[in-house]
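Student: take this sequence and fold it.
(one chain, ligands or ions: 2)
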Amino acid sequence: TRRLLGRLRDLPAETRDGTRITLMANVELAGELDAVHQGGAEGIGLLRTEFMFMNRPDLPGEDEQVAFLRTFIERMGGLPVTIRTLDVGGDKLAVSLGLDDSPNPALGLRAIRLSLSRLDLLRTQLAAILRAGIHGPVRILLPMVGSIEELVQVRQVHDQVVADLRARGVPLADPLPPLGIMIEVPGAALCADTLARACDFFAIGTNDLIQYTLAIDRSDPSVGHLYNPLHPAVLRLIQFTVLAAGRANIPVSVCGEMAGDPRLAGVLLGLGVMSLSMSANNIPRVKHTLRRLALADARERTATMMALNDPQAISAIADTLAERRR
Ligand code: PEP
Ligand code: MG
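Tutor: Ligands and ions are numbered 1, 2, ... in the order given. Got it, this is the predicted structure:
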């Protein structure tokens, strides 16, 4: 199988009936970039920037951040790199930010909320991303957006940062990088139609979307059996988000763990998702599965699935989407 997976790198990611699917990688460390190339990723769909802030007493400055980002952008050689602003808080704590015991960290001051309460942090990070953007195509991604107001506030800060950089004579990409949001809060998914008209792209984060939709802590093993990516509520929110993105004519991808599971990737395709971002190691397996699928068939089976309630019946359909025909 290793040889087979190796050969897959050079084959197009397309369904049996000829629809191209974009497969991208989720990364956090530059050390993962070899695997990204080996997997044949067509870009980075999620660059988590938390690592830079972890396990240190101080905060990374603008130049340090530019240097960190530049490595990824240059190594991707012209393929898009989607850079997410800081997503600490919740299960991801950073000493340097003095984030200690929040009564309920998953619902507390985290991600974009934290950035908006610490504008110095957000300004530095946006400036670094914008500066790095002259080295290749980048996209700016905001985590855990819950309402349009947050997006509007970030855009104001973004525009100020752009003006400041221009005043400093710093060269910027033209056009400026697209500004997109993660859809991972159920309230945001339900307002996807309005949000889609106010940003440039969506990245659906199923890890958090499932956690918040089903009220299941993604890190608590005692409720792990209830963490169900195929719960009808989750599928409906994804479908609504994809339809809203389509109507507003903005790109949408999925970058949660669901995208990297061959059994679930087929369901995402059936829901209309044509761009998947996953850990690089999963790309060959997902590509292999998608190449055996007919899109029309995936659509039909997913539609059947959407009308069901019984978890076992739903799960059985997902199995058929990934079944191995030899
Ligand atoms: C997600 O929530 O699905 C996601 C991709 O973000 P993270 O796992 O970093 O929270
Ligand atoms: Mg998330």
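Student: and the longest helix for the protein?
Tutor: Ranked by number of residues, the top helix in the chain under DSSP state H is helix 148-167.
Student: if you count contacts, what does it end up packed against?
Tutor: Applying 3 or more C-beta pairs under 8 Å, 6 or more residues apart in numbering; DSSP states H and E, one finds that helix 148-167 contacts helix 111-117, helix 119-132, strand 138-142, strand 179-183, helix 192-196. No exception for glycine: its C-beta is placed from N, CA and C like everyone else's.
Student: list the buried residues for the second one?
Tutor: Read it as helix 119-132. Neighbour-count burial for helix 119-132, counted by 16 or more other C-beta atoms under 10 Å, picks out Leu121, Leu122, Arg123, Thr124, Gln125, Leu126, Ala127, Ala128, Ile129, Leu130, Arg131, Ala132.
Student: before we move on, what about stretch 50-59?
Tutor: In terms of neighbour count (16+ other C-beta under 10 Å), stretch 50-59 has its buried residues at Glu50, Met52, Phe53, Leu59.
Student: for the stretch 101-250 of the chain, what lies in contact range of ligand 2?
Tutor: Glu184, Gly205, Asp208 (C-beta under 5 Å from the ion).
Student: save the residues you listed as CSV, and put in pLDDT and neighbour count too.
Tutor: Output for these, formatted as CSV (pLDDT from 0 to 100; neighbours: other C-beta atoms under 10 Å):
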residue, pLDDT, neighbour count
Glu184, 98, 27
Gly205, 98, 26
Asp208, 97, 23
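Student: can you pull out the strands in this protein?
Tutor: Taking DSSP state E as the test, the strands found in the chain are 22-27, 44-47, 81-84, 138-142, 179-183, 201-204, 252-254, 275-279.
Student: Throw the ones you listed into a markdown table and include mean neighbour count, thanks.
Tutor: Output for the strands of the chain, formatted as a markdown table (neighbours: other C-beta atoms under 10 Å):
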| stretch | mean neighbour count |
| --- | --- |
| strand 22-27 | 26 |
| strand 44-47 | 26 |
| strand 81-84 | 26 |
| strand 138-142 | 25 |
| strand 179-183 | 26 |
| strand 201-204 | 25 |
| strand 252-254 | 26 |
| strand 275-279 | 24 |
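Student: around ligand 1, which positions in the protein sit nearby?
Tutor: Contact residues, the chain versus ligand 1 (C-beta under 6 Å from any ligand atom): Leu46, Arg48, Asp87, Glu184, Gly205, Thr206, Asn207, Asp208, Cys255, Gly256.
Student: could I get the strands of the chain as TSV with distance to Arg110?
Tutor: Below are the strands of the chain laid out as TSV (distance: least, C-beta to C-beta, whole Å):
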stretch	distance to Arg110
strand 22-27	19
strand 44-47	17
strand 81-84	13
strand 138-142	13
strand 179-183	12
strand 201-204	17
strand 252-254	21
strand 275-279	21
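Student: any chance of these in CSV, plus mean pLDDT?
Tutor: What follows is the strands of the chain, written out as CSV (pLDDT from 0 to 100):
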stretch, mean pLDDT
strand 22-27, 98
strand 44-47, 98
strand 81-84, 98
strand 138-142, 98
strand 179-183, 98
strand 201-204, 99
strand 252-254, 98
strand 275-279, 98
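Student: now whichever residue of the stretch 51-200 of the chain sits closest to ligand 2: how far from Gln312?
Tutor: Using C-beta to the ion, Glu184 is the residue of the stretch 51-200 of the chain that sits closest to ligand 2, at 4.8 Å. According to C-beta to C-beta, to the nearest Å, Glu184 and Gln312 sit 27 Å apart.
Student: just Phe53 next, same as before
Tutor: 43 Å.
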